[in-house]
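Enquirer: sequence and predicted structure are below.
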Amino acid sequence: MKIYAEVGIGNDTFFSTEYEDGNREYRIPSFVKPPHIMEYYVRIWIRKTVYVFSTKDGFKKSSKDKSRFKLLLGIGGVR
């Protein structure tokens, strides 16, 4: 199971944690540190473009269907 703990603006709450298990995803409104940290990242979502700066994957740019603004610092890991 992948875990992404985030802090910042753009999600429903300032602190949030997203769990991914296969094709299922769910988010809780609190910060839960992953037991095994694999990356640190900054995610910036401006309109339909998402920029991710990650210690694991470097820089990535992608497009989304939804138009949003998000500025998040996160920790990614696994359980």
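Expert: That came through, no problem.

Enquirer: longest strand anywhere in the protein?
Expert: Ranked by residue count and defined by DSSP state E, the top strand of the chain is strand 58-78.

Enquirer: what lines up beside it in the sheet?
Expert: If you go by DSSP bridges, strand 58-78 pairs up with strand 2-9 (antiparallel), strand 36-54 (antiparallel).

Enquirer: what residues of the shortest one count as buried?
Expert: If I follow you right, that is strand 2-9. 3-6, 8 (16 or more other Cβ atoms under 10 Å). Every C-beta, even on glycine, is put in place using the N, C-alpha and C of the backbone.

Enquirer: now swap in the last one and tell me
Expert: When neighbours are counted by 16+ other Cβ under 10 Å, the buried residues of strand 36-54 are found to be 41, 43-45, 50, 52, 54.

Enquirer: tell me who's in contact with the residue nearest to Lys64 when sequence neighbours are not counted.
Expert: Spatial nearest neighbour of Lys64, excluding adjacent residues (Cβ to Cβ, 6 or more residues apart in numbering): Lys48 at 5.4 Å. Residues counted as contacts of Lys48 (Cβ atoms under 8 Å, 6 or more residues apart in numbering) are 63-67.
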